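[1] Below are the sequence and a predicted model for it; my questions follow.
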Amino acid sequence: MDRSNLATIAAANNADTTASCPALSVVSALHKTERVPFTIRIVENDVGFEKAVSVRRFAYGRHLPEFAETMEVEPADKREGTAVLLAESKLDGAPLGTMRIQTNARGPLALEQSMTLLPHLATSRLAEATRLGVAGGMVGRVVKVALCKAL
């Protein structure tokens, strides 16, 4: 079934409903459950932060080896209004990916040190993702997408 026709099908299925109470039918293809070999959680302790840093070192080491060697838990990782996500293997708990998410609920975004936000963005609730790092290979690609969706 072509996804572009879902709205047309839903509208046809609900043609007999009144305008004051619109309803859409659920298309089972949109509720497909997939199992992945990892979990994603918010880091809450030093062990989790160390796992996140180990993934960062590995990922950044592919392109910036000198910088990767100096990486450690950063003050921004533990700042209020910040969450560090960690993807871990269900099999052995090995770290597979990480991403730091900061909102402007408690202060300006790191991005605002480099640029001035447009007026309509300066008064909006925003979030930025930094320090994305994933394992190599196919699992890393899936982990990256999952971390971005978790954002």
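    Ah, there it is.
[2] Now do the helices in the chain.
    6-13, 46-61, 65-70, 119-122, 137-150 (DSSP state H).
[3] To Phe38, which of those helices lies closest?
    helix 137-150 (6.2 Å; C-beta to C-beta). Heads up, the C-betas are built off the backbone N, CA and C, glycines and all.
[4] between that closest one and helix 46-61, how big is the angle?
    120 degrees (axes from the mean of the first three to the mean of the last three C-alpha atoms, to 10 degrees).
[5] State the distance from the nearest residue to Phe38 once chain neighbours are set aside to Pro75.
    Excluding the flanking residues, the one nearest Phe38 by C-beta to C-beta, 6 or more residues apart in numbering is Ala87, at 4.9 Å. Separation of Ala87 from Pro75 (C-beta to C-beta, to the nearest Å) stands at 23 Å.
[6] Compare neighbour counts for the two and give me the winner.
    Higher neighbour count among Ala87 and Pro75: Ala87, with 29 against 7, using other C-beta atoms under 10 Å.
[7] Please name the residues that touch the nearest residue to Ala52 once chain neighbours are set aside.
    Nearest residue to Ala52, sequence neighbours excluded (C-beta to C-beta, 6+ apart): Thr98, at 4.1 Å. For Thr98, the contact set (C-beta atoms under 8 Å, 6 or more residues apart in numbering) comprises 43, 51-52, 55-56, 84-87, 131-134, 147.
[8] if we go to 10 Å?
    Shown in contact with Thr98 (C-beta atoms under 10 Å, 6 or more residues apart in numbering): 40, 43, 48-49, 51-56, 59, 77, 84-88, 131-134, 143, 147.
[9] Need the buried ones from those residues selected in ChimeraX.
    Buried members of the contacts of Thr98, defined by 16 or more other C-beta atoms under 10 Å, are picked up in ChimeraX with:
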select :40,43,48,49,51,52,53,55,56,59,77,84,85,86,87,88,131,132,133,134,143,147
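[10] Show me where the chain dips below the pLDDT cut-off.
    1-31 (pLDDT under 70).
[11] Walk me through the domains of it.
    The domain map for the chain lists 1-33, 35-150, with the assignment taken from automatic domain parsing.
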